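1. Starting from these lines, generate the structure:
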Amino acid sequence: MTLQHPEWSYSSVVYEMNVRQLTPEGTLQAATARLAFLHEIGIDIVWLMPVYPIGCEGRKGALGSYYSVRDYCAVNPELGTMDDFDRFIATAHAMGMKVILDWVANHTARDARWVTERPATWYERDAQGVPVVPWDWTDTAKLNYANPEVWEGQAEAMEFWLREHAVDGFRCDMAMLVPIEFWNETAQRLRMVKPDLFLLAEAEEPNLFENGAFDACYAWQMGHLLEDVAQQRVRVTALRDYLYADLGRYPEEAMRLTFTSNHDENSWSGSEFVRFGNAREAMTVFTFVVPRGLPLIYTGQEVGYDHSFAFFDRDSIPAECYKANGETELYRRLAALRHDNPALASGGRGGRLVEIRNNAEDCLMILVREKDGNRVVAIMNLSPYAIHADYRTGIYTGIYTDAMTGEERLLPEHVEEDMAPWSYRVLIAR
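-> Now for the predicted structure:
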């Protein structure tokens with residue numbers, strides 16, 4: 001089947017908001033005041049990490065995990081009130097931004113309302129009748145998807161946020177742990193409520209798209225490959241092989257969330273500065289130009305905050321660190337690049353992957369994306385080595401505008417040039 005996405009999503013840039021850490025106050029009210037800054041950068045979709053009350057039983061750290069949900073239809077009082085949430089949504093919408101909620105369908109807190117207010121069969125239970133703990137998430141209880149009442153309870157709770165609080169969609173946590181049949185059925189039901197619903201899966205199984213349940217899924221493997229290239233565990237040839245193999249795994253219209261950071265990578269593996277080192281900027285650019293990409297910016301990246309957030313405690317960005325700088329300008333230019341160039345659109349709207357072959361393909365990638373007279377050429381030395389590049393541009397010879405500097409550049413038919421480690425150019429022809 002051909003996947004159809006909300007019209008506003010094809011050229012979007014996603015921002016993952018960690019409300020607890022975004023501001024010293026750690027509240028929705030304070031986060032609302034940050035929306036103008038994000039709008040100025042060019043953010044289109046704000047993904048709110050879970051805003052629900054957090055369980056106390058088995059709580060990790062002082063504040064607990066966002067993903068230990070006690071009540072699917074309420075706001076964590078540490079973040080504010082439902083009125084604060086509604087004002088956040090209204091402010092974002094007034095600026096033209098969409099808001100998607102993090103949805104945790106696989107499990108709840110161990111002291112969630114459903115544990116006592118719903119039949120015991122709503123949960124998977126051990127021989128002693130105690131709710132099962134999934135993986136090592138000892139502050140959670142595994143829901144029982146063999147019970148159709150659980151499907152109904154989840155769908156009703158999701159509808160609550162669509163009908164009553166005007167959210168635009170959901171980022172679905174660990175979507176592969178829940179039966180795909182649930183997502184297929186529930187997505188169809190939710191789109192009856194909101195036709196332009198947007199669903200993002202934290203998973204990358206191809207069956208996520210078979211019946212049109214999801215608009216986008218994670219590109220976990222690519223994210224880890226980018227890090228492997230940055231640390232020279234593999235060379236660019238491995239990334240190239242992945243890109244071509246990946247083209248056959250999903251429908252052409254599938255969107256893939258591309259990133260150098262997110263809450264998992266940041267908290268458990270380190271900031272993008274630590275993981276990518278000198279490759280960070282080039283890899284960030286790559287996430288904005290790769291086919292099918294739906295680029296993500298995680299809390300703090302927009303101001304270059306080099307920090308690995310504590311996951312279960314308050315560890316916020318100091319107010320004095322939250323100000324526009326060179327990193328802000330980088331993301332502003334990349335967001336504009338995506339918005340202004342139809343060739344970079346996702347969901348089957350953009351240009352397909354074409355490469356200009358070259359003499360240094362274990363280091364150098366030259367990607368061409370072209371659509372309806374709009375062409376973007378990304379010339380990227382994705383290696384820690386200075387190289388002497390030699391390639392022919394053929395039909396792509398011409399005058400271009402450098403997306404990062406605004407300068408006009410000639411891309412001649414035959415190019416020979418020295419390129420510094422991790423250097424790149426993104427050129428636009430119209």
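2. From residue 408, how far out is the closest residue to residue 8 other than its chain neighbours?
-> In this structure, residue 8 finds its nearest non-sequential neighbour in residue 98, 6.5 Å apart by Cβ to Cβ, 6 or more residues apart in numbering. Just so you know, the C-beta spots here come from the backbone N, C-alpha and C atoms, and that holds for glycine as well. Distance of residue 98 to residue 408, given as Cβ to Cβ, to the nearest Å: 35 Å.
3. More neighbours: which of those two?
-> residue 98 (22 against 10; other Cβ atoms under 10 Å).
4. quick one on the thing from earlier: I'd say the residue nearest to residue 8 and residue 44 touch.
-> Yes: counting by Cβ atoms under 8 Å, residue 44 is a contact partner of residue 98 at 6.6 Å.
5. Pull up the overlap in contacts between those two.
-> 8, 12 (Cβ atoms under 8 Å, 6 or more residues apart in numbering).
6. The stretch 201-350 of the chain: helices as residue ranges?
-> 220-230, 236-247, 263-269, 272-276, 280-289, 326-340 (DSSP state H, counting those that start in this stretch).
7. quick one, what contacts the residue nearest to residue 8?
-> So residue 98 contacts 8, 12, 44-46, 92, 168-169, 198 (Cβ under 8 Å, 6+ apart).
8. Kindly provide the distance from the residue nearest to residue 256 when sequence neighbours are not counted to residue 187.
-> The shortest distance from residue 256 to any non-neighbouring residue, by Cβ to Cβ, 6+ apart, is to residue 219 (4.0 Å). Distance, residue 219 to residue 187, using Cβ to Cβ: 20 Å.
9. which one of the two has more residues nearby?
-> residue 219 (24 against 20).
10. Pull the contacting residues for that one.
-> So residue 219 contacts 204, 256-259, 292-293 (Cβ under 8 Å, 6+ apart).
11. switch to 10 Å and redo it
-> Counting by Cβ atoms under 10 Å, 6 or more residues apart in numbering, residue 219 touches 204, 225-226, 242, 246, 255-259, 287, 290, 292-294, 296.
12. And the buried ones among these, selectable in PyMOL?
-> Per 16 or more other Cβ atoms under 10 Å, the buried members of these correspond to this PyMOL selection:
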select buried, resi 204+225+226+242+246+255+256+257+258+259+287+290+292+293+294+296
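13. Looking at strand pairing, list the partners for residue 425.
-> In this entry, residue 425 is beta-bridged to residue 379, by DSSP bridges.
14. Please report how far it lies from residue 165.
-> From residue 425 to residue 165 the distance is 44 Å (Cβ to Cβ).
15. When the two are compared, which one has more neighbours?
-> residue 425 (20 against 17).
16. so the more buried one makes contact with residue 403?
-> Yes: counting by Cβ atoms under 10 Å, residue 403 is a contact partner of residue 425 at 8.3 Å.
17. Identify the contacts common to those two.
-> Contacts common to residue 425 and residue 403, judged by Cβ under 10 Å, 6+ apart, are 285, 377-378.
18. Which of those sits closest to residue 231?
-> Relative to residue 231, the closest of these is residue 285; by Cβ to Cβ it sits at 17.9 Å.
19. Any regions of the protein where pLDDT drops low?
-> 1 (pLDDT under 70).
20. which ones are touching the residue nearest the centre of the chain?
-> Nearest residue to the geometric centre of the chain (Cα atoms, centre = their mean): residue 296, 4.1 Å. By Cβ under 10 Å, 6+ apart, the residues touching residue 296 are 13-16, 45, 47, 200, 218-219, 223, 257-262, 287.
21. Please report the distance of the residue nearest to residue 8 from residue 127.
-> 46 Å.
22. Then residue 392?
-> Distance from residue 392 to residue 127, by Cβ to Cβ: 69 Å.
23. Please enumerate the helices of the stretch 1-150 of the chain.
-> 19-22, 28-32, 35-41, 82-94, 113-117, 148-165.
24. strands paired with the next helix or strand after the last one, and their directions?
-> So the one you mean is helix 148-165. With elements assigned by DSSP states H and E, the helix or strand that comes after helix 148-165 is strand 169-172. Strand 169-172 has the following strand partners under DSSP bridges: strand 98-103 (parallel), strand 198-201 (parallel).
25. which stretch among those strands comes nearest residue 308?
-> So among the strands paired with strand 169-172, strand 98-103 is nearest, using Cβ to Cβ, at 19.8 Å.
26. angle of that closest one against helix 148-165?
-> Angle of strand 98-103 versus helix 148-165, following axes from the mean of the first three to the mean of the last three Cα atoms, to 10 degrees, is 150 degrees.
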